[in-house]
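> What follows is a predicted protein model with its sequence.
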Amino acid sequence: MSHKIPVTVVTGFLGAGKTTLIRHMLENAHGRRLALIINEFGDVGVDGEVLKTCGDEACKEEDIVELANGCICCTVAEDFIPTMETLLARDKRPDHIIIETSGLALPQPLVRAFNWPQIKTEVTVDGVVTLVDAPAVSEGRFAANEQKLEAQRQADEMLDHETPLGELFEDQVNCADLIILSKSDLLAHEQLETVKTSVGKETREGVQMIAAKNGKLPLDVVLGLDMKAEDDNRLSHHERHHAAEGEDVDHHHHHDHDDFETFNIALGTIDDETAFKAKLIETIKAHDILRLKGFVSVAGKDMRLVIQAVGPRLDAYYDRPWGMSEERTSTLVVIGQAGMDREGIETNFI
């Protein structure tokens, strides 16, 4: 899987802040070459022009492709697959591809399109990031300007689904691997908590919800989720409600602040891999850690153990032998919101 190019799908209604988030990602790419596929066409050409003027080496003008022929989930064969093939055929391929969908897009068909034979062996869905306009939801709406959203729907001749806004919102939230509550600084604490409760009713188990303003989130929080979303079965609104009728789903993580922090934990060789992984999961849940990653030395093992955790979802695998002159040690990188109990987290592993 390591040779596949990761793809992040950014979805959310028109005006939710998708372009703002992506521009911030470009400005903080830290040497990664990004390619963009832009399908948001509520203001024709606006998003593409805004992003093209950012002047960042991370994403040159030739790395930005606009798909303005209609909602991307309805034009997979005509537009999306050929565009992906063109990007993959380049001599200098991108390190990461970001897709900004139309606000009317159903995420599931797009995610499933990554199983098409033409691209399946070349790319993988790193994660689906859904932006939610927190003030709009607080006021009982799905978008800041629902009239503009409806005008977008009427203007799209290729749109082949008439999904009501409520169901479309639920599908975008339910398909997400990460939910960003945008413009959260415009709400009082109590209002934001109400929004979290409302959105959380449609959130899958283990999915994190982050409050943000101005799209300023660390790249390590948004990229590198490693979900391989095309391999799982994300149900649509109708499928999910039929399968889960009567179930009470309230398994998600909430975050209130916009500041993040990162710190390292240095450990020696661990004796019990199973117990160590159980302690990792327990610590992540107890301290609401966003991301945790690192390399671990396990007693009796010649291979290095790689740890990757996104919320409570933990992946661990052995990647290579330790080098002859390499110090066998264990280091974990913890990423979370400002104010984490660093001492308490470190104490769990000492």
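Yes, it's here. Numbering: from 1, shown residues only.
> what sits up against the host helix or strand of V10?
Using DSSP states H and E, V10 sits in strand 5-11. Contacts to strand 5-11, defined as Cβ atoms under 8 Å, 6 or more residues apart in numbering, come from residues 18, 21-22, 88, 93-101, 103, 105, 107, 110-111, 114, 122-131, 172, 175-176, 222-226, 229. To be clear about C-beta, it is placed using only N, CA and C from the backbone, and glycine gets the same treatment.
> Please apply the same query to stretch 131-150.
Contacts of stretch 131-150 (Cβ under 8 Å, 6+ apart): 10-18, 21, 42, 103-104, 165-166, 168-169, 173, 179-184, 186-187, 191-192, 194-195, 198-199, 211.
> Would you mind putting the CA coordinates of the strand ranked longest in the chain into PDB?
Longest strand in the chain by number of residues (criterion: DSSP state E): strand 123-133. Written as PDB, here are the backbone C-alpha positions of strand 123-133 (Å, rounded to 0.1, in the frame of the first residue of the first chain):
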ATOM      1  CA  VAL A 123      -4.300   5.800  -5.200                       C
ATOM      2  CA  THR A 124      -6.100   5.300  -1.900                       C
ATOM      3  CA  VAL A 125      -8.500   7.500   0.000                       C
ATOM      4  CA  ASP A 126      -6.500   8.800   3.000                       C
ATOM      5  CA  GLY A 127      -9.700  10.200   4.500                       C
ATOM      6  CA  VAL A 128     -12.900  12.100   3.900                       C
ATOM      7  CA  VAL A 129     -13.000  15.500   5.700                       C
ATOM      8  CA  THR A 130     -16.400  17.100   6.000                       C
ATOM      9  CA  LEU A 131     -16.800  20.800   6.900                       C
ATOM     10  CA  VAL A 132     -19.900  21.800   8.700                       C
ATOM     11  CA  ASP A 133     -21.000  25.500   9.000                       C
END
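> middle-most residue in this protein, spatially?
By Cα atoms, centre = their mean, the mean C-alpha position of the chain lies nearest to V129, the distance being 3.6 Å.
> wait, isn't it in contact with I180?
Yes - if you go by Cβ atoms under 8 Å, V129 and I180 touch, sitting 6.5 Å apart.
> Between the two, which contacts overlap?
Common neighbours of V129 and I180 (Cβ under 8 Å, 6+ apart) are L21.
> Can you tell me which helix or strand of the chain has the lowest average pLDDT?
Every helix and strand of the chain was ranked by mean pLDDT, DSSP states H and E. The lowest is strand 252-255, at a mean of 36.
> Could you point out the helix or strand that follows that one?
For strand 252-255, the following helix or strand on the C-terminal side (DSSP H and E) is strand 260-267.
> and stretch 219-234, average pLDDT?
When pLDDT is averaged over stretch 219-234, the result is 85.
> likewise stretch 190-199?
93.
> which parts of that stretch are buried?
For stretch 190-199, the neighbour count (16 or more other Cβ atoms under 10 Å) marks 191-192, 195-196, 199 as buried.
> One more: stretch 82-97?
Per 16+ other Cβ under 10 Å, stretch 82-97 contains these buried residues: 83-84, 87-88, 94, 96-97.
> So which of these sit within helices?
Judged by DSSP state H, helices contain the following of the buried residues of stretch 82-97: 83-84, 87-88.
> gap between T20 and A309?
28 Å (Cβ to Cβ, to the nearest Å).
> can you list the weak-confidence ranges in the stretch 251-350 of the chain?
251-259, 350 (pLDDT under 70).
> mind listing the helices in it by residue range?
Along the stretch 251-350 of the chain, the segments classed as helices by DSSP state H, counting those that start in this stretch run 273-287, 342-347.
> Out of these, which is the most enclosed?
Mean neighbours per residue, mean count of other Cβ atoms under 10 Å, is largest over these for helix 273-287, with a mean of 15.
> helices and strands around it, which ones?
strand 291-296, strand 303-310, strand 313-321, helix 342-347 (3 or more Cβ pairs under 8 Å, 6 or more residues apart in numbering; DSSP states H and E).
> can you rerun that using 6 Å?
strand 313-321 (3 or more Cβ pairs under 6 Å, 6 or more residues apart in numbering; DSSP states H and E).
> what lines up beside the strand it packs on in the sheet?
Each strand that pairs with strand 313-321, with its direction, by DSSP bridges: strand 303-310 (antiparallel).
> what's the partner strand in contact with?
225, 284, 292-296, 298, 315-322 (Cβ atoms under 6 Å, 6 or more residues apart in numbering).
> Going by neighbour count, which of these are buried?
For these, buried by 16+ other Cβ under 10 Å: 225, 284, 292-296, 298.
> In JSON lines: those, plus distance to N28.
Listed next are the buried ones among the contacts of strand 303-310 as JSON lines, based on distance: Cβ to Cβ, whole Å:
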{"residue": "L225", "distance to N28": "17"}
{"residue": "I284", "distance to N28": "25"}
{"residue": "L292", "distance to N28": "21"}
{"residue": "K293", "distance to N28": "18"}
{"residue": "G294", "distance to N28": "22"}
{"residue": "F295", "distance to N28": "24"}
{"residue": "V296", "distance to N28": "28"}
{"residue": "V298", "distance to N28": "34"}
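> pLDDT score for H3?
The model's pLDDT for H3 equals 82.
> show me what contacts it?
Applying Cβ under 6 Å, 6+ apart, no residues qualify as near H3.
> Now render the buried residues of stretch 190-199 as CSV, adding distance to E27.
Listed next are the buried residues of stretch 190-199 as CSV, based on distance: Cβ to Cβ, whole Å:
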residue, distance to E27
Q191, 30
L192, 26
V195, 27
K196, 28
V199, 27
